[in-house]
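Engineer: compute the structure for the input listed below.
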Amino acid sequence: MPEVRDTEDYRRVAALPRRSLNEADAALWARVVTDECRRPGSAAALRPWQGQALAEAAANGGAFLALGVGHGKTLISYLLPRILESRASVLIVPAALRGKTFADFTAYQAEWLPPPTPARVTTLQELSPERGAHLLEQLAPDLIVVDECDELANPKSSAARRIDRYISAHPETRVVLMTGTPSRKSILNYWHLLCWALRERAPVPMAQGEALLWALALDEAPGRAPVRVGLGPLGSSRTTARAWFRDRLVQTPGVVVVDGDSCAAPITVRTVPALEDPILDAAFASFLETLETPEGIPVSDPLSRWRLDGQLGCGLYLRWNPPPPTPWRDARRAVAKFVRDTIAASTNTARPLDTEAQVLRRHAGHPVVCAWQEIRGTFEPSTDAVWLSDSVIRSVRAWLDAEPTPGIVWCGGVEFATALSVRARLPYYGREGKDASGRGLHDADAKRSLIASWHANKRGFNLQAWRRQLIVHPPQSAKYLEQIFGRSHRAGQDQRVVVTVLATSGGTLDSFDAACGEADFARATVGMTQKLLRASIERVPPPSTKSNALRWARKDRH
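Structural biologist: The predicted structure follows:
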C-alpha cells in the first residue's frame with residue numbers, strides 16, 4: 001500500500017514558520033496600507049483583509065490569497081504593483097472580466113494613487129492559444145497577478161503550462177494568486193499555484209509525485225471509495241490528516257485564507273421541482289435505457305451524461321444535422337460504450353478515469369478506439385436543437401411572475417436561454433456578459449429581470465440589485481455555485497437573498513448534493529465555509545408517481 005512518508009519535503013513543510021491571522025491585526029494593516037496608497041484628501045479606506053493581503057504579498061514577495069466573493073480582490077490587484085514596486089506587471093483575468101477590470105481601475109484613480117507602472121491586463125484566453133505561447137516573454141513581467149486563479153486548476157492547461165514555463169525561466173518573478181474558491185475535489189487543484197507563489201516556502205511538497213500521494217491521502221471524490229493510502233506523518237485518520245493540512249496551510253506566511261462572508265444578509269437556497277410533464281417522463285425513460293438522445297447521440301462520460309440530462313430536463317436535446325453515415329454512427333456508439341465501461345471499471349482504482357479524452361489516451365491501442373480514430377475525421381458533425389416540451393419555460397415564467405421583485409434567471413444552456421429570452425421578452429446576457437445589442441451586464445436595468453449564462457457571467461459582476469435568483473441546469477460544482485450566489489449575496493447587500501435551484505430531473509438533485517459534498521471538502525481542507533454551507537437550505541421533493549419515476553431517479557437507484 002502506498003504511504004505518505006517522513007521525507008525531506010515533508011520535514012521542510014512541517015518546519016515552515018506559522019502565524020495566526022485575525023481581523024484586528026488585519027484592520028491595523030489596512031490603515032497602514034491605506035495611508036500609503038490613497039490620494040491626499042481621499043476618504044477611501046481598505047477593508048481589513050484587503051490590507052492584510054497586500055501586506056502579506058509585500059512581506060513574502062508573493063502570496064496565495066483565498067478571499068471569498070465580495071472581499072474586494074480587484075482593488076488589491078490595482079494596488080499590488082505599487083506595494084511591490086513593480087517595474088512591469090501583468091494582471092491575468094478571465095476574458096469576461098476584462099472590461100469590468102478596466103472600468104474599475106479607471107474609477108479607482110479618483111481615490112487611490114496609481115502604480116508608477118500600471119499593470120498590463122491580459123486574459124487566460126489570450127495565453128491559451130498558440131499565438132499566446134510567447135506573450136509573457138514579450139511582456140517580461142517581474143510581477144504576475146492572477147485573479148480567479150482557480151481557472152488554472154488544471155496544471156496541464158496551455159495557460160498554466162505557459163505561466164509555469166515563464167516562472168521557471170525567471171525565478172525572480174513574484175506571483176500573487178487570488179481566488180474565492182480555491183478547491184473543488186482535490187488539493188492538486190491548487191498545489192502548483194502555491195508552488196508558483198511561495199516556491200520553497202509553499203506548504204505542500206514541491207515534488208509532483210509526493211504531492212500526488214498527499215492528495216490520495218486527503219482527497220475523497222464523491223461517489224468513490226477512497227484509495228487506500230498510508231497517512232504516515234499526516235495523521236492517524238483522514239479527518240486528523242485534513243485538519244493538520246488545513247492548519248498548516250492557513251498558518252503559512254504568504255497564505256491568506258479568510259473564512260468569513262463579506263455579506264451579513266441571510267441567504268436561502270431552495271430546490272424546487274419543475275412542472276410535471278409526461279413528455280419529459282417518457283424522454284427520461286428512453287434516455288436511461290439507451291444512454292442516447294432520442295435521435296442517437298450517445299453518452300460517453302459523466303460530463304456528456306450531465307449535459308444530456310440537463311438538456312432533456314429543460315425540454316430539448318441536440319441532434320446531428322445532417323445525420324452521420326451509418327459506419328461513423330456505429331463506431332461512435334461503440335467507442336462511447338467502451339468509454340463508459342472503462343470509466344466504471346476504473347472508479348475505485350488509484351488512477352480513476354473521468355473523461356472520454358483520458359480513456360482514449362490511456363487505451364489508444366484498443367481495437368474499438370483505433371476503429372473510432374480511423375473513421376472520426378471522415379464526418380464533421382454539426383448539431384441543432386429539437387424541442388420536446390416548453391414546460392420548463394413555463395416553470396421559469398411562473399417563477400418570474402410570482403413576485404414583482406426583479407430576478408436573475410441563470411441558465412446552463414444557450415438554446416434554452418435564447419428561447420426563454422424570446423418567450424419572456426427579457427434580455428439574455430451571454431458571452432462576455434453582453435446581450436444581443438452589445439449592452440454589458442454591468443449596465444443592466446436593475447428594475448427589470450434578466451437572463452444570464454452562468455458559464456459566462458458567474459464571476460466578477462456586482463448584481464446585488466437582484467436579490468432573487470433562479471438557476472436552471474445548475475453546475476455540479478460548489479465553487480461555481482459560490483460565484484453565482486455571490487453576484488447578489490455580497491458586501492452592500494442588506495436584504496435576504498433567495499436562490500431557487502429549479503430541479504428538472506434526478507440528475508439536477510444529484511448535482512446539488514455533489515456540490516454540498518464538495519463544499520464540505522473545501523471547509524475540511526482549506527478552512528473556507530462557502531455560502532452553500534452558510535445558507536438555509538429548503539428542499540421541495542419532486543412528485544412521485546409511477547410514470548415519472550425514471551425522470552426523478554437518483555444515481556444510487558440507477
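Engineer: okay, now the domains of the chain?
Structural biologist: Taking automatic domain parsing as the criterion, the chain consists of the domains 22-202, 267-276+391-557, 278-386.
Engineer: would JSON lines of these with mean pLDDT be doable?
Structural biologist: Below are those laid out as JSON lines (pLDDT from 0 to 100):
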{"stretch": "domain 22-202", "mean pLDDT": "93"}
{"stretch": "domain 267-276+391-557", "mean pLDDT": "93"}
{"stretch": "domain 278-386", "mean pLDDT": "93"}
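Engineer: how about these in CSV, adding mean neighbour count and distance to residue 248?
Structural biologist: The way it works is simple: take the backbone N, C-alpha and C, and place the C-beta from them, glycine included. Formatted as CSV, these follow (neighbours: other Cβ atoms under 10 Å; distance: least, Cβ to Cβ, whole Å):
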stretch, mean neighbour count, distance to residue 248
domain 22-202, 19, 11
domain 267-276+391-557, 19, 11
domain 278-386, 16, 24
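Engineer: quick one, which of these gets closest to residue 257.
Structural biologist: Residue 257 sits nearest to domain 22-202 of all the domains of the chain, at 4.4 Å, using Cβ to Cβ.
Engineer: now that closest one, how far from the centre of its chain.
Structural biologist: Chain-centre distance of domain 22-202: 18 Å, with Cα atoms, centre = their mean, to the nearest Å.
Engineer: for it, measure first residue to last.
Structural biologist: Terminal residues of domain 22-202 are spaced 21 Å apart (Cα to Cα, to the nearest Å).
Engineer: ok, now how distant is the closest residue to residue 302 other than its chain neighbours from residue 312?
Structural biologist: Distance criterion Cβ to Cβ, 6 or more residues apart in numbering; nearest residue to residue 302, sequence neighbours excluded, is residue 354 at 6.3 Å. Here the criterion is Cβ to Cβ, to the nearest Å. By it, residue 354 lies 22 Å from residue 312.
Engineer: and the residue nearest to residue 315 when sequence neighbours are not counted, which of the three is it?
Structural biologist: In this structure, residue 315 finds its nearest non-sequential neighbour in residue 389, 4.2 Å apart by Cβ to Cβ, 6+ apart. Per DSSP: H, G, I helix; E, B strand; the rest coil, the secondary structure class of residue 389 is coil.
Engineer: between the domains of the chain, which gets nearest to residue 9?
Structural biologist: Residue 9 sits nearest to domain 22-202 of all these, at 9.8 Å, using Cβ to Cβ.
Engineer: quick one, which of the domains of the chain gets closest to residue 239.
Structural biologist: Of the domains of the chain, nearest to residue 239 by Cβ to Cβ is domain 267-276+391-557, at 7.7 Å.
Engineer: can you check what pLDDT the model gives residue 14?
Structural biologist: Looking at residue 14, its pLDDT reads 97.
Engineer: that one should be in a helix, yeah?
Structural biologist: Yes: looking at residue 14 with three-state DSSP, it is inside a helix.
Engineer: hmm, back to that, can you redo the domains of the chain as JSON lines with distance to residue 250?
Structural biologist: Shown next, in JSON lines, are these (distance: least, Cβ to Cβ, whole Å):
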{"stretch": "domain 22-202", "distance to residue 250": "9"}
{"stretch": "domain 267-276+391-557", "distance to residue 250": "5"}
{"stretch": "domain 278-386", "distance to residue 250": "29"}
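Engineer: the helix or strand where residue 256 lies - contacts with which helices or strands?
Structural biologist: Using DSSP states H and E, residue 256 maps to strand 255-257. Packing partners of strand 255-257 (3 or more Cβ pairs under 8 Å, 6 or more residues apart in numbering; DSSP states H and E): helix 48-60, strand 62-66, helix 238-250.
Engineer: show me where the stretch 251-400 of the chain has strands.
Structural biologist: For the stretch 251-400 of the chain, strands defined by DSSP state E, counting those that start in this stretch occupy the ranges 255-257, 267-273, 316-320, 383-387.
Engineer: may I have the strands that pair with the longest one, each with its orientation?
Structural biologist: In the sheet, strand 267-273 lines up against strand 497-503 (parallel), strand 536-539 (parallel) (DSSP bridges).
Engineer: any idea which of those strands gets closest to residue 444?
Structural biologist: Across these, the minimum distance to residue 444, taken as Cβ to Cβ, is reached by strand 497-503, at 17.1 Å.
Engineer: neighbouring contacts of that closest one?
Structural biologist: Identification of contacts with strand 497-503 by Cβ atoms under 8 Å, 6 or more residues apart in numbering yields 263, 265-274, 392, 395-396, 399, 467-472, 474, 484-485, 488-489, 508-509, 512, 535, 542.
Engineer: so which of the residues you listed belong to helices?
Structural biologist: 392, 395-396, 399, 484-485, 488, 508-509, 512 (DSSP state H).
Engineer: now, which of those residues sits nearest residue 287?
Structural biologist: Minimum distance to residue 287 across these is 13.9 Å, recorded for residue 508 (Cβ to Cβ).
Engineer: show the contacting residues for that closest one.
Structural biologist: 271, 309-310, 313, 473-474, 501-502.
Engineer: related to what we said a few turns ago, so how far is the strand holding residue 256 from its chain's centroid?
Structural biologist: That offset, for strand 255-257, works out to 19 Å (Cα atoms, centre = their mean).
Engineer: I'd like the distance from stretch 362-382 to the chain centre, please.
Structural biologist: That offset, for stretch 362-382, works out to 31 Å (Cα atoms, centre = their mean).
Engineer: hmm, back to that, got CSV for the strands paired with strand 267-273, with distance to residue 324 too?
Structural biologist: Listed next are the strands paired with strand 267-273 as CSV, based on distance: least, Cβ to Cβ, whole Å:
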stretch, distance to residue 324
strand 497-503, 33
strand 536-539, 42
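Engineer: does residue 507 touch residue 307 like I think?
Structural biologist: No: using Cβ atoms under 8 Å, residue 507 is not in contact with residue 307, being 10.1 Å away.
Engineer: follow-up on the earlier one: which of the contacts of residue 508 lies closest to residue 419?
Structural biologist: Set against residue 419, the nearest of these by Cβ to Cβ is residue 473 (13.1 Å).
Engineer: just list what the helix or strand encompassing residue 146 packs against, helices and strands only.
Structural biologist: Secondary structure assignment for residue 146, by DSSP H and E: strand 143-147. Other helices and strands packing on strand 143-147, by 3+ Cβ pairs under 8 Å, 6+ apart, are helix 73-83, strand 89-93, helix 158-169, strand 174-179.
Engineer: one more pass at 6 Å, please.
Structural biologist: helix 73-83, strand 89-93, strand 174-179 (3 or more Cβ pairs under 6 Å, 6 or more residues apart in numbering; DSSP states H and E).
Engineer: pipe those into a markdown table and attach distance to residue 445 per row.
Structural biologist: Shown next, in a markdown table, are the helices and strands packed on strand 143-147 (distance: least, Cβ to Cβ, whole Å):
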| stretch | distance to residue 445 |
| --- | --- |
| helix 73-83 | 23 |
| strand 89-93 | 26 |
| strand 174-179 | 30 |
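Engineer: of all these, which lies closest to residue 322?
Structural biologist: With Cβ to Cβ as the criterion, residue 322 lies closest to strand 89-93 of the helices and strands packed on strand 143-147, at 40.1 Å.
Engineer: how about the ones in helices among the contacts of strand 497-503 in CSV, adding distance to residue 364?
Structural biologist: As requested, these are exported to CSV (distance: Cβ to Cβ, whole Å):
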residue, distance to residue 364
392, 40
395, 45
396, 44
399, 48
484, 38
485, 42
488, 47
508, 35
509, 37
512, 36
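Engineer: of the residues you listed, closest to residue 421?
Structural biologist: Closest to residue 421, out of all of the ones in helices among the contacts of strand 497-503 and judged by Cβ to Cβ, is residue 396, at 10.8 Å.
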